[in-house]
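>>> Sharing a sequence plus its predicted fold:
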Amino acid sequence: MRVLVVEDEGSLANRIAVSLRGSDIAVEVVHDGDEALRRLAKDGFDVIVLDGDPPSAGEEEIFGWIARERSRSRLLMLTKAGDVMARIEALSQGADDCIAKPFAVAELVARVRALGRRRV
């Protein structure tokens, strides 16, 4: 399974990547939305872990790319704690799952694995 992590907070992105790699998942990390769009255009990913507020190109552009390209990538959104409306909006726009920050990284790994098992 290949996962793209889009997270601008370096220490969190690193913790996620280390945990996913420890579970034998191939991971690439980018820190902004523009770089995420470049990576998505070049490579296929099974799951995208997307910060709900990435710098530069935002979640709307990434949702749009997934829709335009009819990508099979599953999308796991990271949202702020207690922001129920952000989670509802992300799910309404096409996210496959959401998890609120702060979260247990082990739970994120389990959610990524579950999304990776789904077939379109």
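Here it is on my side, so go on. Numbering: from 1, shown residues only.
>>> for Val6, what are its contacts?
30-33, 36, 48-51, 54, 62 (Cβ atoms under 8 Å, 6 or more residues apart in numbering). No exception for glycine: its C-beta is placed from N, CA and C like everyone else's.
>>> Tell me the one of these nearest Asn14?
Of all the contacts of Val6, His31 has the smallest distance to Asn14: 10.8 Å, by Cβ to Cβ.
>>> any idea what sits nearest that closest one, other than its immediate chain neighbours?
Asp8 (4.9 Å; Cβ to Cβ, 6 or more residues apart in numbering).
>>> Please, which helix or strand holds that neighbour?
Asp8 is part of no helix or strand, with elements assigned from DSSP states H and E.
>>> where does it fall, phi/psi-wise?
phi -80, psi -20 (degrees, to the nearest 10).
>>> In terms of secondary structure, what does the helix or strand in which Ala36 is found contact?
Following DSSP H and E, the helix or strand that holds Ala36 is helix 33-42. Contacts defined by 3 or more Cβ pairs under 8 Å, 6 or more residues apart in numbering; DSSP states H and E place helix 33-42 against strand 2-6, strand 26-30, strand 47-51, helix 59-69.
>>> residue ranges with poor pLDDT in the protein?
53-59, 63, 67-70, 119-120 (pLDDT under 70).
>>> Which residue lies nearest the spatial centre of it?
The C-alpha lying nearest the average C-alpha coordinate of the chain belongs to Val49 (Cα atoms, centre = their mean; 1.3 Å).
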